[in-house]
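[1] The following block contains a protein sequence and its predicted model.
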Amino acid sequence: MKKLSSSGRVHPFFLLILMVLVSVPMGFYGMYLYIAPSLPEMSSLKKAPLLKPLQVYTSDNQLIAEYGGKLSVPVEYNQIPPTFIHAFLAAEDSSFFEHSGISFKGLGRALSETVTGSNVQTGGSTITMQVAKNYYLSPERTLKRKLTEIFLARKIEQNLTKQEILSLYVNKIFLGKNAYGIAAAAKIYYNKTLDQLSIAEMAMISGLPKAPSKYNPVVNPERALERRNWILGRMLQLGYINQTQYQQAVAEPINLDMPDRGVSNRYPYIGEMVRAELVEKFGEQAVDSGYKVYTTINSQRQAYAEQSVQDGLEAYDRRHGWRGAEAHDKPLRNFIPYANTFPAEVIKVGNNSFDALMQDGKTVTVPWSGMSWARRYRNANSVGESPSRASQIVKVKDIVRLRPNGDKSAWSLVQIPKVQGQLIALNPNDGSIEALVGGYNFYQSKFNRALQGWRQPGSTIKPFIYALALERGMTPYTMVNDSPISIGRWSPKNSDGRYLGMIPLRRALYLSRNTVSVRLLQSGGVERARQLLMDFGLQENQIPRNFTIALGTPQVLPIQMATGYATFANGGYRIQPHFIRRIEDAYGNVIFETKPEYACIPCINETNNTETEIKPQTPDDEVIEVNNQSLDEAKTLVSPAKTNPDNNNYRQAQRILKSSSAYDMANILRDVILHGTGRAALKIGRDDLGGKTGTTNDAKDAWFAGFNGKLVAVAWVGFDQPTTLGRREYGGVAALPIWTNFMDQSLKGTPSAWVRFDKNAKAPLSREKPTIEIQNREDDQASPPLARPLYVPAPVPPARTPDSDFADLPGEEILVPSQGQPPSMQQQPSSPKKNETPKRGDALEGLINQVT
């Protein structure tokens, strides 16, 4: 071969070859110098997060919700069966233990299979290159990304052992059906651990990395079987298994055992609160980061609350009659079962029964006893005549809802209520929420009325007004005047139109005398009352600056009312409601833990069996030290939230009422149940219950707020678009049964627990808002969780002139004079003005806001 031309010069062809041989390595090296600085450190590779669902637990460690479908279960190298390692090597990289991160033999084989058009079963990327791609790189197909993958693979090989690389691979690789890693795949496809898998099952899983959808045994069983058997053949060829094992494995059918991994959510309102909070704190990746959130929810009480709200709303709905079928002549498959109700199509109507086709294809019969309640709805105040035959209720092709009894041996006709309701219950000592139901059914409406439903409270606000009178020196036996009163053009009336003259203050409250509430507010002053209402937990811009607040015109949330009533139950302290106790990461490390403030620190470790009620001598005999006290003097008595000097592990809650005031108010509210509008709660058979009913204008809202010394609960019933519940649907009729059923079950078997009275305690008056803050902490790290505002605050009421304060208030309404149209619960309240700063940025406001 001639190396030189006839002139003695180098032939151009050889010059070209020389240039290529020099430029390619130089270019490759240049690319390395360019890319190398951006390659990640190996320490971050070892700490790469694994994918696990967000799990929500109750305080008694029951799993109640799970979010995020992705699952990864980390395993150590020594936990992987050798046969499983061989299966992956046969499928993906048989020379893994020989190469240095890049297999030119593998690249050549993959290229050859591609060129010849054969059935490509191998890939060009080594396991190390796949680790680099899975942990660090995007799926884009560019030269730079491929070179980065190669350089990173070399770096991985230089810094990690083969065993470490293989462990990273089998823990991170995507294997279809939201399974990340071999242990997760074993669980999802076969409901087994790694050591329980057969050789055929290992080969099946090992075939998934190449194309998790194409070779998935669920979606493409034939292709999956072909891929599995090819891998088994490679294992035989490479000497990983013998002929007998091979024959047994290829003869094994695809036996999947996939457990139901649908998102578990027993208590969806709670689950959604937690999910929204973590996404806000940590981003969308929180649902796949393996966080375990332990809430304050008591699983039994939550179940009682769910059932009580459902039963109470359905009882109201039945009282107001049958509205007719849900649909007619529509596809049955379009309707979703929920709240233990099942869609069915009427296929035959008899005289006193009807047959219906269920979604599972079965036919059931509804007897007369299961539908005789269905009197026709006319309006909120009347129903039709009782039906006498089934044809008056349903007709063929109607879509209705049925509910079975316990063993599904009998079915009854039901309808989904249009009315809504909520119940929230918390521990008055530390504010931990033990039960919360935001509506009839989460899947019907995700709107959380406990935290988002701004409504007027009616007479449930009166104890707050009376508390100011007690703080100023009155006692439960102070005589007050129940007689007609006029303020400008406004003349509030009592609901029954009668006046009792001079009566004790306690009787005025348990009989809910409107005129007395207004007089007490006149005596105490609107500004003092507004500040006390904020101390109880109400929002400042929702409290009017006029005397109508005595009858319930502020806009409130159930969570705020529960916080306020907790002050009566705990002896005068403002607690901060919260529902997250602690958060653990995927490795069990506690990354957040609530440090609540306690009303009674010595009570924390007491058990129900040893706890005794502290009996007062006579609370009315306590020296009233703050009567006629000026605001300047009151400021010096403010006792901010602080760490108890005797126990640095617990924080003392802020006192907002004297112990005697809280105790007296609790006893008056006990009279509401013994002698007043809450008498229906006597059926519980306990002597440690107090509370107050509330009903707004036209019965648009029905409330009951009540407590004992260990539990506070607030029930509300109403329509999302404020509409009358009916003329007889007072708080004691619509809301009290929900509260009663919940408390009856929740307190069953617990000893009597009433409000404690500390005759030596001095209560501050915090009434001057410019300088006095309820929450005055030195240690921000110790603040309760959810202290940041996450919701849109309630609408700001329009400004009113003194002459117009009472212009729109009717003189003969039952309980609450309206002040403009209440906000629709289906619309987000408007944001405050830009320069308007909330005066009380505490945990309650943050908790209220966190689900929007």
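    Received the coordinates, thanks. The model shown is predicted, which means the values in this text are computed figures rather than measured ones. Numbers count the residues shown, from 1 in each chain.
[2] what residue ranges in the stretch 351-500 of the chain score low on pLDDT?
    Nowhere does the stretch 351-500 of the chain drop to pLDDT under 70.
[3] got it, and the chain?
    1-11, 13-16, 18-50, 103-124, 135-146, 260-264, 606-648, 759-852.
[4] Which residues belonging to the helix or strand where Ser660 lies are considered buried?
    Per DSSP states H and E: Ser660 is located in helix 659-675. The neighbour-count check on helix 659-675 (16 or more other CB atoms under 10 Å) flags 659-673 as buried. Placement of C-beta: from N, CA and C, glycine included.
[5] Which of these sits closest to Thr724?
    Nearest to Thr724 among the buried residues of helix 659-675 is Val672, at 24.0 Å by CB to CB.
[6] Who are the contact partners of the closest one?
    Val672 makes contact with Leu509, Tyr510, Gly678, Gly690, Gly691, Lys692, Thr693, according to CB atoms under 8 Å, 6 or more residues apart in numbering.
[7] just Thr193 next, same as before
    Neighbours of Thr193 in contact, by CB under 8 Å, 6+ apart: Ala183, Ala186, Lys187.
[8] and the gap between the closest residue to the first one other than its chain neighbours and Leu175?
    Taking CB to CB, 6 or more residues apart in numbering, and ignoring the residues beside it in sequence, Ala183 has Val73 as its nearest neighbour in space, at 3.7 Å. Summarising the geometry, the distance separating Val73 from Leu175, computed by CB to CB, to the nearest Å, is 12 Å.
[9] In terms of helices and strands, where is Gln248?
    Assigned by DSSP H and E, Gln248 belongs to helix 243-251.
[10] and that helix, which residues are buried?
    So for helix 243-251, counting by 16+ other CB under 10 Å, buried means Gln245, Tyr246, Ala249, Val250.
[11] As a check, name the ranges of all strands in the stretch 501-650 of the chain.
    501-504, 573-574, 580-584, 590-593, 597-598, 642-643 (DSSP state E, counting those that start in this stretch).
[12] Not counting the helix or strand that contains Val170 itself, show me its contacts.
    According to DSSP H and E, Val170 maps onto helix 162-172. Contact with helix 162-172 is made by 45-46, 48, 50, 72, 74-77, 80, 84-85, 88, 96-97, 127-128, 130-131, 134-135, 156-157, 160, 180-183, as judged by CB under 8 Å, 6+ apart.
[13] Stretch 369-382 spans what distance, first to last residue?
    The first and final residues of stretch 369-382 sit 22 Å from each other (CA to CA, to the nearest Å).
[14] And for stretch 403-411?
    6 Å.
[15] sorry, back to before: which one of the strands of the stretch 501-650 of the chain lies nearest to Asn427?
    Comparing the strands of the stretch 501-650 of the chain by their distance to Asn427 (CB to CB), the top pick is strand 597-598, with 9.8 Å.
[16] Now do the contacts for the spatially closest residue to Arg506 that is not a sequence neighbour.
    In this structure, Arg506 finds its nearest non-sequential neighbour in Pro476, 3.9 Å apart by CB to CB, 6+ apart. Pro476 sits next to Leu470, Pro504, Leu505, Arg506, Asp620, Asp664, Asn667, Ile668 when contact means CB under 8 Å, 6+ apart.
[17] same check, this time on Glu729
    Tyr316, Thr695, Ala699, Ala702, Val717.
[18] so which strand or helix has it?
    Per DSSP H and E, there is no helix or strand for Glu729.
[19] Tell me how far it lies from Ala315.
    In this view, Glu729 and Ala315 are 11 Å apart by CB to CB.
[20] for Asp482, same thing?
    Taken as CB to CB, the span from Asp482 to Ala315 is 34 Å.
[21] Give me the more crowded residue out of those two.
    Asp482 (20 against 15; other CB atoms under 10 Å).
[22] I figured the more buried one hits Asn494, correct?
    Yes: using CB atoms under 8 Å, Asp482 makes contact with Asn494 at a distance of 7.3 Å.
[23] out of the contacts of helix 162-172, which are buried?
    45, 50, 72, 74-75, 77, 80, 84-85, 88, 96, 127-128, 130-131, 134-135, 156-157, 160, 180-183.
[24] show me the contacts for the closest residue to Val75 other than its chain neighbours.
    Nearest residue to Val75, sequence neighbours excluded (CB to CB, 6+ apart): Ala183, at 4.9 Å. Taking CB under 8 Å, 6+ apart as the criterion, Ala183 is in contact with Ser72, Val73, Pro74, Val75, Asn171, Thr193, Leu194.
[25] helix, strand or coil for Ala183?
    When classified by DSSP: H, G, I helix; E, B strand; the rest coil, Ala183 comes out as helix.
[26] residues near Pro602, how many?
    Burial of Pro602, expressed as a neighbour count using other CB under 10 Å, amounts to 12.
[27] Can you show me the helices along the stretch 601-750 of the chain?
    631-635, 659-675, 736-746 (DSSP state H, counting those that start in this stretch).
[28] which one of those lies closest to Glu434?
    Judged by CB to CB, the one of the helices of the stretch 601-750 of the chain that comes nearest to Glu434 is helix 736-746, at 8.1 Å.
[29] and the closest one with helix 659-675, angle?
    Taking axes from the mean of the first three to the mean of the last three CA atoms, to 10 degrees, helix 736-746 and helix 659-675 form an angle of 110 degrees between their directions.
[30] and helix 736-746, what does it pack onto?
    Using 3 or more CB pairs under 8 Å, 6 or more residues apart in numbering; DSSP states H and E, the elements in contact with helix 736-746 are helix 299-319, strand 420-426, strand 701-707, strand 712-718.
[31] switch the cut-off to 10 Å
    The helices and strands touching helix 736-746, judged by 3 or more CB pairs under 10 Å, 6 or more residues apart in numbering; DSSP states H and E, are helix 299-319, strand 420-426, strand 433-437, strand 690-695, strand 701-707, strand 712-718.
[32] Make JSON lines from those and add distance to Asp60 to it.
    Putting the helices and strands packed on helix 736-746 into JSON lines (distance: least, CB to CB, whole Å) gives the following:
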{"stretch": "helix 299-319", "distance to Asp60": "5"}
{"stretch": "strand 420-426", "distance to Asp60": "15"}
{"stretch": "strand 433-437", "distance to Asp60": "11"}
{"stretch": "strand 690-695", "distance to Asp60": "27"}
{"stretch": "strand 701-707", "distance to Asp60": "22"}
{"stretch": "strand 712-718", "distance to Asp60": "19"}
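[33] Go through these and name the closest to Ala276.
    Nearest to Ala276 among the helices and strands packed on helix 736-746 is strand 433-437; the distance by CB to CB comes to 13.5 Å.
[34] Out of the contacts of Ala183, list just those in strands.
    When DSSP state E defines the strands, the subset of the contacts of Ala183 inside them is Ser72.
[35] who touches Pro204 in this structure?
    That one is not Pro; residue 204 is Met. 87, 175, 185, 189-190, 197-198, 215-217, 224-225, 227-229, 231-232, 249, 252, 254-256 (CB atoms under 10 Å, 6 or more residues apart in numbering).
[36] can we see that at 6 Å?
    Going by CB atoms under 6 Å, 6 or more residues apart in numbering, Met204 touches Arg228.
[37] That one and Lys172, how far apart?
    Remark: distance between Met204 and Lys172 (CB to CB) = 19 Å.
[38] Now do the contacts for the closest residue to Arg530 other than its chain neighbours.
    Once flanking residues are discounted, Arg530 sits nearest to Ile543: 4.9 Å by CB to CB, 6+ apart. Contacts of Ile543 were listed using CB under 6 Å, 6+ apart, and they are Arg530, Leu533, Ile549, Pro554.
[39] Good, wrapping up.
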